[in-house]
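Undergrad: give the three-dimensional model of this entry:
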Amino acid sequence: MKNLTEGKPLKLILYFAIPLFIGQLFQLFYSLVDTRIVGATLGEASLAAVGATTTLSDMLVSMLNGLTNGAAIVVATYFGAKDEKHMKKAIGGTVLIGICFSICVSTLCLVFLSPILKFLNISEEIMPQAKAYIGIILAGLLVSTLYNICAAILRAVGDSFTPLIFLIIASFLNIGLDYGLILGFHMGVEGAALATVLSQAVSAFLCFLYMKKKYPQLMLTKEDRKAEKEIYKKLLSSGLAMSFMISFVTLGTLALQTSINTFGTNIIVAHTAARKATSVFMLPFSVLGQTLATYCGQNLGAGKYDRIKKGIRDTVLVTFVWCVGVMIAAYTISPVLIGLITATKQKEVIDTATLYLKVNTVFYFVPAVISLFRNSMQGFGDSKTPVFSSSLELIGKILIAFFLTPVLGYMGIIVAEPIVWIIMVIPLIVNMARNPILRNAS
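TA: Residues are numbered from 1 along each chain as shown. Here you go, the predicted model:
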């Protein structure tokens, strides 16, 4: 366990964030491996089928992940306050809430899968493969959530390293299963989906076993599992706020995907590749944001507001340095990256994806601030402003999908995110300037 309330803020934040960064990089690796292997072994139609549904699966996984991470902030606050009794009750509530929500989401999506895919404008050409792939991913949402619950609890008490180990193991297992199920058993896109779910199940199982052996104090007694109204209220408030925040972001992206899916296979593949690269480029934003949520939660519990202010300020500077490096990469090696991700030689695919990256990376300073501020606010108890900011993103992307893309085509998709980023960062900056915790800090 790691106490984030003592020591140099930036050093602690980076020390905590590095394993988290590597872990999320390997989580992205799941998706990138599927993309690469499907494209290289099954062809671009299969890759388009996977890409056309990736936004849906990303949205659902992120929504459930947000729920557990938001609830874990409550665990971090009790840990920072050294209140073990309520910390364990919060852990019990996080587990129950995560399991119940994942089962409900998975069931509803599987029941209404056909209408959902039609709403996404998935063509008849790729519909059978898209349905087969996403159906397995949806059925496996519970195992993904179980891993995220274990990882969120460990991070809440300062251990960001352990989840990384099991993700690395699962990532290499995913590669082996991808090739084995696709090439050995000729399972097509179903094999890629099954490989992902099985690998996630292994990481969840190993993470739980480790927690049981290494941190027996985190194991729950019958008393810990009894519901306590006030704690469940805090868990649901924090968890649902972060879940809604992420859901609004991904729902907006899903709205754009409905337009993208009408542009043809090459554009779908290009956008899929560009979004994979974007996920890697923006990874430090989300990682440092999650770190700040835990950091702010622990320091809020300890009453150390000056450390919250300094930690946020120093982390913003670090992300700005990263933004400069990413922009340079986008303007120099984007075609190579797109080729590596998709295994394609189609000029239209490479040129389209490269243009997307060149335009978007210029504005990366804005989403960096968005991610850090939103998560920090969650950490010190402000859940309303991040949700409001994210709702602006949802509205903006829906309007662009319906009104701008019919006029500008795919260029409307490219400029969509920079436009909404600038709009949604405004309430976050205003709130940070007015927040009493930061204004009263030294």
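Undergrad: can you spell out which helices and strands pack onto the helix or strand containing Ser243?
TA: Element membership of Ser243 [criterion: DSSP states H and E] is helix 229-260. Secondary-structure packing of helix 229-260 (3 or more C-beta pairs under 8 Å, 6 or more residues apart in numbering; DSSP states H and E): helix 44-80, helix 84-111, helix 265-281, helix 365-379, helix 384-399, helix 410-434. Glycine gets a C-beta too; all of them are placed from N, C-alpha and C.
Undergrad: what's the spacing between the last one and its chain's center?
TA: Helix 410-434 has its average C-alpha position 18 Å from the chain's average C-alpha position, going by C-alpha atoms, centre = their mean, to the nearest Å.
Undergrad: what sits against Ala193?
TA: 34, 132-137, 140 (C-beta atoms under 8 Å, 6 or more residues apart in numbering).
Undergrad: do Glu190 as well
TA: Applying C-beta under 8 Å, 6+ apart to Glu190 gives the contacts 132-133, 136, 181.
Undergrad: how about Asn261, phi and psi?
TA: With angles defined as degrees, to the nearest 10, Asn261 sits at phi -70, psi -10.
Undergrad: so what's the residue count around it?
TA: Neighbours of Asn261 under the rule other C-beta atoms under 10 Å: 24.
Undergrad: same check, this time on Ser376
TA: So Ser376, with other C-beta under 10 Å, has 30 neighbours.
Undergrad: and the nearest residue to it once chain neighbours are set aside, what element?
TA: Closest residue to Ser376 apart from its sequence neighbours, by C-beta to C-beta, 6 or more residues apart in numbering: Leu292 at 4.7 Å. Using DSSP H and E, the element containing Leu292 is helix 283-302.
Undergrad: could you pull up the mean pLDDT of that helix?
TA: The average of the pLDDT scores along helix 283-302 is 87.
Undergrad: by how many degrees do that helix and helix 265-281 diverge?
TA: On the basis of axes from the mean of the first three to the mean of the last three C-alpha atoms, to 10 degrees, helix 283-302 is oriented at 40 degrees to helix 265-281.
Undergrad: could you point out which element follows helix 283-302?
TA: Next helix or strand after helix 283-302 toward the C-terminus (DSSP H and E): helix 305-330.
Undergrad: from the contact counts, what lies against that following helix?
TA: Where contact means 3+ C-beta pairs under 8 Å, 6+ apart, helix 305-330 is packed against helix 9-42, helix 265-281, helix 283-302, helix 347-361, helix 365-379, helix 436-439.
Undergrad: what comes up buried for the helix holding Ser243?
TA: In terms of neighbour count (16 or more other C-beta atoms under 10 Å), helix 229-260 has its buried residues at 231-232, 234-236, 238-260.
Undergrad: then stretch 70-89?
TA: Residues 70-81, 86-89 are the ones in stretch 70-89 that count as buried (16+ other C-beta under 10 Å).
Undergrad: quick one: residues contacting the residue nearest the centre of the chain.
TA: The structure's the chain has its C-alpha centroid closest to Ser62; by C-alpha atoms, centre = their mean the separation is 4.7 Å. Residues near Ser62 by C-beta under 8 Å, 6+ apart: 246-247, 249-250.
Undergrad: burial of Leu340, as a residue count?
TA: Close neighbours of Leu340, defined as other C-beta under 10 Å, add up to 14.
Undergrad: so it is in which element?
TA: helix 334-342.
Undergrad: CA atoms only: put that helix into CSV for me.
TA: Output in CSV follows, covering the C-alpha atoms of helix 334-342 (Å, rounded to 0.1, in the frame of the first residue of the first chain):
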residue,chain,number,x,y,z
SER,A,334,2.2,8.9,-38.8
PRO,A,335,2.1,7.0,-42.1
VAL,A,336,4.5,4.4,-40.5
LEU,A,337,2.3,4.0,-37.4
ILE,A,338,-0.9,3.6,-39.5
GLY,A,339,0.8,0.9,-41.6
LEU,A,340,1.9,-0.9,-38.5
ILE,A,341,-1.5,-0.8,-36.9
THR,A,342,-3.6,-1.9,-40.0
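Undergrad: okay, buried residues for it please.
TA: Buried, per 16+ other C-beta under 10 Å, within helix 334-342: 334, 337-339, 341-342.
Undergrad: coming back round to it: per-residue confidence for the residue nearest to the centre of the chain?
TA: pLDDT recorded at Ser62 is 84.
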